[in-house]
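> Below are the sequence and a predicted model; questions follow.
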Amino acid sequence: MPRSLFRRGPGAALATLATLLAPGAALANDWQLNMPVGITDISADVYRLHMTILWICVIIGVIVFSAMIYSIFRHRKSLGVEPAKFSHSTKVEIVWTVIPVFILIGMAIPATETLVRMEDTSGSDLTIKVTGYQWLWEYEYLDEDVRFFSRLHPDSDRARQLGSGIDPFSVENYLLEVDNRMVVPVDAKVRLLLTAGDVIHAWWVPDFAVKKDAIPGFINEVWFQANETGVFRGQCAELCGRDHGFMPIVVEVKSQEDYQAWLAMQRGELGDRPVASTHR
Amino acid sequence: MSTTATHAPAHDDHHNAPTGIVRWLTTTNHKDIGTMYLLFALLMFFVGGAMALIIRLELFQPGLQYVQPEFFNQMTTMHALIMIFGAVMPAFVGLANWMIPLQIGAPDMALPRMNNFSFWILPFAFTLLLSTLFMPGGAPASGWTLYPPLVQQTGDALPFVILAIHLMGISSIMGAINVVVTIMNMRAPGMTLLKMPLFTWTWLITAYLLIAVMPVLAGAVTMLLTDQFFGTTFFHAAGGGDPVMYQHIFWFFGHPEVYIMILPAFGIISEIIPTFARKPLFGYDAMVYATASIAFLSFIVWAHHMFTVGMPLAGQLFFMFATMLIAVPTGVKVFNWTATMWRGAMSFETPMLFAIAFLFLFTIGGFSGLMLSIVPADYQYHDSYFVVAHFHYVLVPGAVFAIMAGVYYWLPKWTGHMYDETLGKIHFWLSVIGVNVTFFPQHFLGLAGMPRRIPDYATQFANFNMMSSIGAFIFGLSQLMFVYIIFKAIRGGAKATAEVWDSPKGLEWTVPSPAPHHTFDEAPQVK
C-alpha cells in the first residue's frame, strides 16, 4: 500500500508544509520542492543562480500571464466587445526583442562567473579516481594505496527485487545506501577523476552540485570542497542499463583526523583488513 | 457557402477509382493521405501512451511491483521513439498534407506518388520497431538517444531498430521534400511568400530542418550498425573511437528535431488565435522572422544536451549563450500571440481552449528551458526529473495540445460535421488537469534529486511520484474521449458551413465542408 501520503496525521502535514516553505531545506523530506543549497561554496552559488533565474522567470510569467488572463476575461465576445483592428507595431516588436536580450545578459554574467570557478580543478588537496561499472562504483585514492568498490547496500538490494515483499519504507535510506562509502576530509579541495569500465555513467551528488559523466576511455575532472561533515547521497545519472537505478553514491565527509584514521584503517595499519577489493 | 456545401464528394472522383482497401493503398490524393497519417498518428499515440502508463504504474510507489528493470528501460525507450516518430511527427505531416494545399490554393501536393510512398513506409517501420519487443534480448533499452556503448548491449533487436529508424527517416525526408516543392511551386497566383498562412510558413521551415538533419541521424545509426557488425570503432574508445562523438552527431540531429516537433505547432496556434479573437495575427512578419531565427539557432545549440560530458570551458560558454538566445525569438512569438488576443472579441470553443492552454503551458516549458541553459544550474538539472518535466511540458501541452487544437479546428472542414462541443470541452479540461498533475510535480522530483530513467526510487520521492502517476492515468484515459469525439464527428453531427467559424481567414474556408475530394482545380486569385 502507498504509505507516506496517508500515514501521517494533519499535524505532521503542517510541519511538512513549514519545512517545504523554507526553500532548499537540505535534508531529504517527503515533500521537498527545491534544489538543496548543499554544503559547498559552489553548490550555494548554483542554488543562488537557480533561484535568481527562477524568480526572473516567475516575474516575467506573472506579467505575461496577467496580460493573457486579463484579456481572456475582458476581451470576450460574450461581453459584446468589438474587436480592435491593429495588427502590427514595429516599435513594440523592437521593445520586446531588446528587453529580453538585456535580461539574458544579466543572467549570463553570474552564470559565467560560477562556471569558470567550477571548471578550475587546480590546487587540489587530494585526488580520487572514480570508475563506474555496471552497476557499482570503484574509488581509488591516488597516492594513498586505498581502493575499494561501492555498491548498493544488501538491505536495499533485497527489498528492491520484483515481488520481494519487503516494504521499501522499512529499509533505512532505501536505494541511497552503499556497502562501502566514499570518505573525504572536510574543508579540503577534493578532485575526482571520472571514468568508466563499460558504458557511460554519471556521478551525481546534489549537495556538492557535482554531476559529471564517467565515460569509458576518457577521464573527466571535477572538484568539490565540503564545508560540513556528514553523509551525502546521490545516484548514477546516466542511463547505464538494467540496474541504472541501483548504483547509489554515498559520500561521508569527516574531520581531517577521522579521515586520516579511516585511511589508516583502509590500509590495514590498524589491524583491520581493507574492505573487499575483488571486482564483482 | 452553404449552397456548395452539399456538393457530394464522390461526384468529382475519378472514374473507376478503386474502392475499399485498394483505394487507400493506391491513393495519391493529399486528403486521403493526410487522413491516413492522422489516423496512424492517433493509433501510435495510444501505443506509446500505453507504454507511458506502464512506466507510471511501476512508478506509482517505491519498490518494483509489476515489471523488471530491463523491461522498464525498454518501455522508456520505445515510448519516446513511438511518440516522437510515430505520433507527433506523422500527425504534423498529416495536417500538412490536408491543409497546405488548401491554404495555398493548390489542387494537391506536388509529388503525389511519393506522398503515398512516404506514408506507406510508416506502418512497416513501426511494425518492425514494435516487433523488437518479442525478440531475444527484447526491445532497445538504451533510451531513445541510443547512446553507445550501452546501445551495443541491445540483443537481436539492434539492426531491426536501426532499419526502422532508416525507414522513418526516408519517409520524413520524402514528406519534407514534398512540402517544400508544393509550397515553392504551387501557390495560387498572388500568394507571395509573405502572404502565406503561418501554418504553411512554419511547415516550410520545418521541412528544411527535416531535410537537413534526418540524414545526420541516419549517419549516426549507420555508424552504430557498422561498429556492431563490421568491426569499425567509430564510438569504441578501445579502438581509438569516441563515444562522445556519437552524442555530438546525435544531438546535431536531435536539437533541430525538437523544433521540428514544435514549429508546426506554432503555426497551428497562429491560425487559431486570430480566428477566435476575431482579430488579425499581431506582427505577422515578426512571427515569420522569429520562426526562421529559431530554426537557425537550432543548429548551433546541440551540445546543451550534453553539458555534463566534459567539454572545454569555451565550448560550454558558447553553447550556453547560444541556447539563451533562443529565448528571444520564442518570447517574441508568445508576446505576439498575447497581443493578438489583446482587445479581440474572444470566444472559447475547444480549439481555442487548447490553443490558450498551449500558450500558458508551453511558456512554462520555455521557462524551464531557459533555466536549463544556465550551465552551472544544468549540472543539477541534467538527467533528472526536472528535464523530464521540461520536455514533456513543451511536447504534451505544447506539440500534442497544438495538434489536438488543429484537429478540432479543421475537423468540421474534413468531415463536414461539427464535433460535439460539450464533449470537446470536457476532453479539454480533463486533459489540461491531467497534464499538469502528471508533469508539474516532476519539477520538484528532479530538483530534489531524482534521476530520470529509473524504475524504482528512494522513499522521499514517493508522494510526488504517486501524484504524477494519478495524473498520467487521468490524462491517458481521457484521450479515449478524443477518439470517440472524432469518430462521432466522422459519422454525423450538425452540418458544418464552408466557413465553419466566425469569418476565419484563409483559402481553406472558401471550399465547402467537407472539402471535396478535389479542390482548387482552378487556382483562386489572391489579392
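Noted; the coordinates are in hand.

> Going by C-alpha atoms from here, please, whenever you check contacts or count neighbours.
Will do.

> So B:T206: helix, strand or coil?
Secondary structure assignment for B:T206 (DSSP: H, G, I helix; E, B strand; the rest coil): helix.

> That one - nearest residue in space that isn't next to it in sequence?
Leaving aside its sequence neighbours, B:T206 sits nearest to B:I260 (Cα to Cα, 6 or more residues apart in numbering or on different chains; 5.3 Å).

> so that neighbour makes contact with B:Y208?
No. Counting by Cα atoms under 8 Å, no contact exists between B:I260 and B:Y208, whose distance comes to 9.4 Å.

> Looking at those two, which is more packed in?
In this view B:I260 and B:Y208 are compared by other Cα atoms under 10 Å in any protein chain shown, and B:I260 has more residues nearby, 26 against 17.

> The more buried one and B:F266: what is the separation?
Using Cα to Cα, to the nearest Å, B:I260 is found at 11 Å from B:F266.

> And B:R343, by the same measure?
From B:R343 over to B:F266 (counting by Cα to Cα), the distance is 21 Å.

> repeat for B:W302
The value you get for B:W302 to B:F266, if Cα to Cα is used, is 21 Å.

> neighbour-wise, which of B:R343 and B:F266 wins?
B:F266 (27 against 22).

> Next up, the contacts around that one.
Contacts for B:F266 were tallied using Cα atoms under 8 Å, 6 or more residues apart in numbering or on different chains; they are B:199, B:202, B:402.

> so which of these is the most crowded?
The most crowded member of these, judged by other Cα under 10 Å, is B:A402 (30 neighbours).

> host element of that residue?
helix B:401-415 (DSSP states H and E).

> average pLDDT for that helix?
The pLDDT scores in helix B:401-415 average 98.

> what's the angle between the following helix or strand past that helix and helix B:401-415?
Sequence order places helix B:421-447 as the next helix or strand after helix B:401-415, per DSSP H and E. Helix B:421-447 runs at 160 degrees relative to helix B:401-415, counting by axes from the mean of the first three to the mean of the last three Cα atoms, to 10 degrees.

> low-scoring stretches of the stretch 51-200 of chain A, by residue?
The model of the stretch 51-200 of chain A has no residue with pLDDT under 70.

> those strands in it, which residues are they?
A:126-133, A:136-141, A:146-150, A:182-185, A:190-196 (DSSP state E, counting those that start in this stretch).

> Which one, of those strands, ends up nearest to chain B?
Among these, strand A:190-196 comes nearest to chain B, with 10.1 Å by Cα to the nearest Cα.

> Tell me which strands the following helix or strand past the closest one pairs with, and in which orientation.
Tracing the chain C-terminally past strand A:190-196 and defining elements by DSSP H and E, one meets strand A:201-205 next. Sheet pairing here is set by DSSP bridges, and for strand A:201-205 it gives strand A:210-214 (antiparallel), strand A:230-236 (antiparallel).

> Of those, flag the one that's most buried.
Among the strands paired with strand A:201-205, strand A:210-214 has the highest mean neighbour count (mean count of other Cα atoms under 10 Å in any protein chain shown), at a mean of 27.

> Spatially central residue for chain A, please.
Taking Cα atoms, centre = their mean, the centroid of chain A lies closest to A:P206, which sits 2.2 Å from it.

> ditto for chain B
Among the residues of chain B, the one closest to the centroid is B:V88, at 3.0 Å (Cα atoms, centre = their mean).

> what about that one, is that helix, strand or coil?
Secondary structure state of B:V88, per three-state DSSP, is helix.

> unless I'm mixing things up, it is touching B:V400, no?
Yes. B:V88 lies in contact with B:V400 (Cα under 8 Å); the separation is 6.9 Å.

> Next, see if stretch B:53-72 gets close to chain A.
Yes. Counting by Cα under 8 Å from any Cα of the partner chain, chain A is contacted by stretch B:53-72 at B:61-70.

> neighbouring contacts of stretch B:20-38?
Outside stretch B:20-38, the residues that touch it by Cα under 8 Å, 6+ apart are B:17, B:90-91, B:93-98, B:101, B:108-109, B:112-113, B:115-116, B:119-120, B:517.

> Narrow those to those that are buried.
B:90-91, B:93-98, B:101, B:108-109, B:112, B:115-116, B:119-120, B:517 (16 or more other Cα atoms under 10 Å in any protein chain shown).

> ok, back up a step: how close does the residue nearest to the centre of chain B get to chain A?
24 Å (Cα to the nearest Cα, to the nearest Å).

> Without its sequence neighbours, what residue ends up closest to B:M214?
According to Cα to Cα, 6+ apart, the nearest residue to B:M214 is B:G169 (5.6 Å).

> who touches A:V178 in this structure?
Contacts of A:V178 by Cα under 8 Å, 6+ apart are A:150-153, A:248-250.

> beta partners for it?
A:L152.

> Is B:T497 in a helix, a strand, or coil?
Classified using three-state DSSP, B:T497 is coil.

> Was I right to think it contacts B:P512?
Yes. Counting by Cα under 8 Å, B:P512 is a contact partner of B:T497 at 7.1 Å.

> who has more neighbours, the two?
Counting neighbours by other Cα under 10 Å for B:T497 and for B:P512 shows that B:P512 has the greater number, 26 against 23.

> Distance of that one relative to B:A87?
29 Å.

> what do you get for B:G138?
B:G138 is 22 Å from B:A87, by Cα to Cα.

> Which parts of chain A are helices?
A:10-21, A:41-74, A:90-118, A:154-159, A:256-267 (DSSP state H).

> Dump the ones you listed to TSV, plus distance to chain B.
TSV is the format used below for the helices of chain A (distance: least, Cα to the nearest Cα, whole Å):
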stretch	distance to chain B
helix A:10-21	11
helix A:41-74	6
helix A:90-118	6
helix A:154-159	7
helix A:256-267	27
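
> which residue ranges form the helices in the stretch 251-400 of chain B?
When assigned using DSSP state H, counting those that start in this stretch, the helices of the stretch 251-400 of chain B occupy the ranges B:263-277, B:284-297, B:313-325, B:327-341, B:350-373, B:375-381, B:385-394.

> winner for burial among those helices?
helix B:375-381 (a mean of 27).

> which other residues reach it?
So helix B:375-381 is contacted by A:46-47, A:49-50, A:111, A:114-115, A:118, A:206, A:209-212, B:307-308, B:316-317, B:320, B:371-372, B:387, B:446-447 (Cα under 8 Å, 6+ apart).
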